[in-house]
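[1] Make a model of this:
(chains A and B)
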Amino acid sequence: MIDLFQLQFFRNAFIMSFLLGILFGVLSFFVVMRKMSFLGAGIAHAAFGGVALGVLIGLDPFLTALAFCVIVAILIGKLVRYGKISYDIGIGIFFSFSMALGAIFLALKKGYSFDLMSYLFGNILGVTPTDNIIALVTLVIFVPFIFIFIHRILFMTLDEEVASVSGVRADVLDTILLVFLAAIIVMSIKIVGIILVSALVVLPASFGLLVTRDYRKVIIASIIFTTAVMVSGLFLSYFLDLPAGATMVTAGTALYFLSLAVFKQILPDR
Amino acid sequence: MRNAVIALKNVWVRYNGSVILEDVSLTVHEREIMSIVGPNGSGKSTLLRTIMGLKKPFRGTVEVLGTPLRKTPRGLIGYLPQKSSADVTMPVSVFDVVAMARYAGKLLFERLTGEDLSHIASSLEAVEMSDFRDRHFGSLSEGQKQRVLIARAIAMQPKILLLDEPSTGLDALAQDNFYQMLLTLRDTIGLAIVMVSHDIGAVSSIVDQLACLKSRLHFHGKPADCLSNEALAAVFGKNMSYVRHDKNCDSCRGDE
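    Numbers count the residues shown, from 1 in each chain, chains lettered A, B, ... in the order given. The predicted model follows:
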């Protein structure tokens, strides 16, 4: 075990898994409650367009994906608000559009061999100390943001119109949440990949809601669930010689269903 | 002379290309309960949304608490929508729901003070839900949820309370208690209350003013004048009838 931490790539992946565990643990509750789960999948797929843009213009694909996803997330939010359409429609439009742009960008970069699988399903070898610093900075900004605004976000989640009339700037808070969602998703792509990341958006809060009906405890349970799943998934993947992201998502899904069965036995009325 | 807290002057509102409100002028004073009655689609909810600033008139002016609507500080209007979109799966207690209203008016780093807690407690007491403060909001009956949402609306200490068909889902006894609660809020806190309702008979005995709306305002004044007026026929049609639930109503007295 100690030998494992001598490996730079494993140390980087471990730190990233731990930080993402906390980030997704907190984020998931608000995304699930605001019924934005599909948005996670939409933004993750939009990252493909951002990655391809980076390849085309010769910049770090991680940074271009980050910028691209933040812009797409904001555009989806604006489209939903001003077009008075549902999130499903807004995401559906940008989901395909971003993937199509990605395919065009890659086609324009002739003769470039692109490791698509690493972006689709993650590759922990790609996690760098800089990525970990970015994740840590995000954590340091995101957690206090939630702590300060949690009651306003809960209010607008419960009843957006009434919250607005009561002085809550739902549009501003929603945009900030979308930006964090995009940033956290892009950060996780190296670990779990574009295809698998939506599981990390949905599973933590779904688990938390099985355990308790107190939002504070739901968030704590989500954090414990996600960090446990990501860190144990990382170790499992190493010892079983399996892809890390796929192992994490499979372990998380299995744990969720196991918990569902157990909690249905303990609390059948829930 | 009581101050006007809501003043609409010749207000016209359009929605999806159709004119919903035509040339509506009305005034609501402090310590006054007004009910807006009218058939489905007559613009009642749009009128409330216009007062809150959620709908902008394309003609006319709206003044709330003596200032043009866009300059009115937020948090002075408590609102209960017709059908709350409140997500009942949310893991929040009754206390949490009412506390949200107190947090909405606070500065970023402020937490709840003893004064906030006492307002939350008195709001729950006003709607007789104190015993439920730790219960999961989603586990309550419809009537109980309605009461909690009203407690949330009054916990902000608004000057104006807007209620869109608030008695929906309440049984006869609960409705009666609810209307009594509104009278108490008017008399003790001095709230101005505007309430959309279908039940003209029930509200006419408690409100100070009645407004009959069908795109245009067909009547605006004392309930007794409206009920003997042609306004009801103009709004609801000539065949409408209603039961007035006051001291003369036999069925309201039950098995005395």
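
[2] Please count neighbours and contacts with C-alpha atoms only from this point.
    OK.

[3] Work out for me the element B:Met181 sits within.
    Following DSSP states H and E, one finds B:Met181 within helix B:172-188.

[4] Pick out the residue closest to the middle of chain A.
    The residue lying closest to the centre of chain A (CA atoms, centre = their mean) is A:Ile185, at 3.6 Å.

[5] Count residues in the vicinity of A:Met117, would you?
    12 (other CA atoms under 10 Å in any protein chain shown).

[6] returning to what we had before: tell me what the helix holding B:Met181 is packed against?
    Secondary-structure packing of helix B:172-188 (3 or more CA pairs under 8 Å, 6 or more residues apart in numbering or on different chains; DSSP states H and E): strand B:192-197.

[7] Now do the strand it packs on, average pLDDT.
    In this model, strand B:192-197 has a mean pLDDT of 91.

[8] which helices and strands does that strand pack with?
    Applying 3+ CA pairs under 8 Å, 6+ apart, we find strand B:192-197 packed against strand B:18-29, strand B:33-37, strand B:160-164, helix B:172-188.

[9] can you put these in a markdown table and add mean pLDDT?
    Shown next, in a markdown table, are those (pLDDT from 0 to 100):
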| stretch | mean pLDDT |
| --- | --- |
| strand B:18-29 | 92 |
| strand B:33-37 | 92 |
| strand B:160-164 | 91 |
| helix B:172-188 | 82 |
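
[10] closest one to A:Pro129 among those?
    Proximity to A:Pro129 (CA to CA) singles out strand B:160-164 among these, at 54.8 Å.

[11] circling back to that earlier point, kindly calculate the angle that the helix holding B:Met181 makes with strand B:192-197.
    160 degrees (axes from the mean of the first three to the mean of the last three CA atoms, to 10 degrees).

[12] tilt between helix B:172-188 and strand B:160-164?
    Using the same axes, to 10 degrees: helix B:172-188 against strand B:160-164 is 160 degrees.

[13] and helix B:172-188, C-alpha only, in CSV?
    Presented in CSV, the C-alpha positions along helix B:172-188 are these (Å, rounded to 0.1, in the frame of the first residue of the first chain):
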residue,chain,number,x,y,z
ALA,B,172,-64.8,23.7,5.8
LEU,B,173,-63.6,23.9,9.3
ALA,B,174,-60.0,24.6,8.3
GLN,B,175,-61.2,27.2,5.8
ASP,B,176,-63.1,29.0,8.6
ASN,B,177,-60.1,28.9,10.9
PHE,B,178,-57.9,30.1,8.0
TYR,B,179,-60.2,33.2,7.4
GLN,B,180,-60.2,33.9,11.1
MET,B,181,-56.4,33.8,11.0
LEU,B,182,-56.4,36.4,8.2
LEU,B,183,-58.6,38.7,10.2
THR,B,184,-56.2,38.3,13.1
LEU,B,185,-53.2,39.1,11.0
ARG,B,186,-54.9,42.2,9.6
ASP,B,187,-55.8,43.4,13.0
THR,B,188,-52.7,42.6,14.9
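
[14] Show residues contacting the one helix or strand A:Arg81 maps to.
    In the assignment (DSSP H and E), A:Arg81 maps to helix A:61-83. Helix A:61-83 is contacted from outside by A:43-44, A:46-55, A:85-87, A:90-91, A:94, A:174-175, A:178-179, A:182-183, A:186-187, using CA atoms under 8 Å, 6 or more residues apart in numbering or on different chains.

[15] check contacts around the residue in chain A sticking out farthest from the centre.
    Distance from the C-alpha centroid of chain A peaks at A:Gly111, with 31.9 Å (CA atoms, centre = their mean). Listed by CA under 8 Å, 6+ apart, A:Gly111 has no contact partners.

[16] quick one: low-confidence parts of the chain?
    Picked chain A for this. In the predicted model of chain A, residues A:1-2, A:269-270 satisfy pLDDT under 70.

[17] try again with chain B
    B:1, B:71-73, B:83-85, B:108, B:169-170, B:226-256.

[18] mind redoing it with 80?
    Counting by pLDDT under 80, chain B has low-confidence residues at B:1-2, B:69-75, B:82-88, B:105-110, B:167-175, B:177-178, B:198-205, B:219-220, B:223-256.

[19] Spell out which parts of it neighbour chain A.
    B:52, B:74-81, B:84-87, B:90-93, B:97, B:100-101, B:103-105, B:108-109, B:136 (CA under 8 Å from any CA of the partner chain).

[20] Mind giving me the PyMOL select for the residues you listed, buried ones only?
    Those of the residues of chain B next to chain A that count as buried under 16 or more other CA atoms under 10 Å in any protein chain shown are selected in PyMOL with:
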select buried, chain B and resi 52+74+75+76+77+78+79+80+81+84+86+90+91+92+93+97+100+101+103+104+105+136
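
[21] Output the contacting helices and strands for the host helix or strand of A:Ala135.
    Element membership for A:Ala135 (DSSP H and E) is helix A:129-158. The helices and strands touching helix A:129-158, judged by 3+ CA pairs under 8 Å, 6+ apart, are helix A:8-33, helix A:160-165, helix A:170-211, helix B:94-104.
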